[in-house]
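Q: The sequence isn't on hand, but the structure is:
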């Protein structure tokens, strides 16, 4: 199986959808020899900031001379970017090898990718594996591990409510599931649900390290990453990592994949107060009105579009929500036409609401440049 065939095969598993639970991946990892149990894992759950904190920790580990594995999702530039060692993507040949060996299994796309990640990091003898949860925590496939070097909780807010529950406390309870017996948990400032994590740590006899509130998302993310580095004994300071589609500027357009209300507030701190032209796309299962209530009032013009994903909301559905907060809204069916309309505008230009939309438009922009 070559890389093209392997990539097509693993992506084809998206048809299985999202299936919370650990039974399938535990069987697959057992077939691999349970590589996850040989690793020192920095395990990160949360609603917002997981990728930023994970990348900041990984970069600091690399600067300190460590061999650092990094697992994040979703991908923006290349499917292989989800699995990295010292900022280098897993090679096409290596990914194809693992898919050939282990692809014939009862597992979803994310479960297979997670298992391959653990096997690869073990085979390559990384010093630390920095692993971002896909969704939730306790039933997320990344949680099929006996222990972690440290469990990390970033900012928690409403998201994936159909899977995790419709309150902050219910969602926090899922994410608290990554905290292991006799382990350590580093907790980002979460005043609305900190008691959930305090209770879990007490039940698991785990030590809780609370990060003080520095007043904004970015500073809190860096403080969280620094607290993790201190807990694992690494003499290095975390820095802001520049990640694709996280308030990223390309050709005069800001791309941001945040897709919930707290993510919108984090984005708002980097935006002008008015005069924005925006292309917005979102998934149907997100809090569309909550997101629009934060971003749309800042916009002079909004072009709504449906990202190329089965769960995406229609441009008409998004336009109806945006019109509550912005008078000038256009529902566009074509992503390329939406980009053309945006490029014709003056002032601050923004693409936001979905990593899938950011991926689509980022690729188009780079092909045109």
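A: Thanks, I have the structure now. In this text, all values refer to a predicted model and were calculated from it rather than measured experimentally.

Q: What are the boundaries of the helices in the chain?
A: Secondary structure of the chain (DSSP state H): helices located at 3-12, 23-32, 50-63, 92-102, 109-123, 161-164, 168-175, 194-203, 217-231, 261-268, 288-295, 315-322, 335-343, 355-368.

Q: Make CSV out of the ones you listed and add mean neighbour count and distance to residue 137.
A: Every C-beta, even on glycine, is put in place using the N, C-alpha and C of the backbone. Compiled in CSV, the helices of the chain are given as follows (neighbours: other CB atoms under 10 Å; distance: least, CB to CB, whole Å):
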stretch, mean neighbour count, distance to residue 137
helix 3-12, 15, 23
helix 23-32, 17, 14
helix 50-63, 24, 11
helix 92-102, 17, 24
helix 109-123, 24, 13
helix 161-164, 14, 9
helix 168-175, 21, 4
helix 194-203, 16, 10
helix 217-231, 22, 16
helix 261-268, 21, 17
helix 288-295, 21, 22
helix 315-322, 20, 29
helix 335-343, 18, 33
helix 355-368, 19, 20
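
Q: among those, which is nearest residue 279?
A: Within these, the stretch nearest residue 279 is helix 335-343; the backing value is 4.8 Å (CB to CB).

Q: So what's the model's average confidence on the closest one?
A: Average pLDDT, helix 335-343: 95.

Q: Same question for stretch 152-161.
A: Across stretch 152-161, the average pLDDT comes to 78.

Q: Determine which of the helices of the chain shows the lowest mean per-residue pLDDT.
A: Lowest mean pLDDT of the helices of the chain: helix 161-164, a mean of 54.

Q: Quick one: neighbours of residue 186, just the number.
A: Residues near residue 186, counting by other CB atoms under 10 Å, number 27.

Q: How about residue 80?
A: For residue 80, the neighbour count with other CB under 10 Å is 17.

Q: Mind listing the residues bridging to the residue lying closest to it once chain neighbours are set aside?
A: Once flanking residues are discounted, residue 80 sits nearest to residue 89: 3.9 Å by CB to CB, 6 or more residues apart in numbering. Taking DSSP bridges as the rule, residue 89 bridges to residue 84.

Q: Check residue 152 too.
A: As for beta bridges, residue 152 partners with residue 44, residue 186 under DSSP bridges.

Q: Of the helices of the chain, which is nearest residue 349?
A: Residue 349 lies closest to helix 335-343 among those, at 5.5 Å (CB to CB).

Q: Residues touching that closest one, excluding its own?
A: Residues from elsewhere that reach helix 335-343, judged by CB atoms under 8 Å, 6 or more residues apart in numbering: 253, 277-279, 281, 303, 305, 307-308, 330, 332, 349, 351, 357, 360-361, 364-365.

Q: now that helix, how far from the centre of its chain.
A: 26 Å (CA atoms, centre = their mean, to the nearest Å).

Q: for stretch 362-369, same thing?
A: Centroid separation for stretch 362-369 versus its chain: 23 Å, with CA atoms, centre = their mean.

Q: Over to stretch 11-29?
A: Stretch 11-29 sits 18 Å away from the centroid of its parent chain (CA atoms, centre = their mean).

Q: Please measure how far the first residue of that stretch sits from its last one.
A: Stretch 11-29 has an end-to-end distance of 20 Å (CA to CA, to the nearest Å).

Q: excluding its backbone neighbours, what's nearest residue 38?
A: Nearest residue to residue 38 in three dimensions, chain neighbours excluded: residue 122, at 5.0 Å (CB to CB, 6+ apart).

Q: Not counting stretch 76-90 itself, show me its contacts.
A: Residues outside stretch 76-90 that contact it (CB under 8 Å, 6+ apart) are 7, 11, 58-59, 62, 67-75, 91-92, 95, 113, 116-117, 120-121, 124, 126, 244-245, 257, 355, 358-359, 362.
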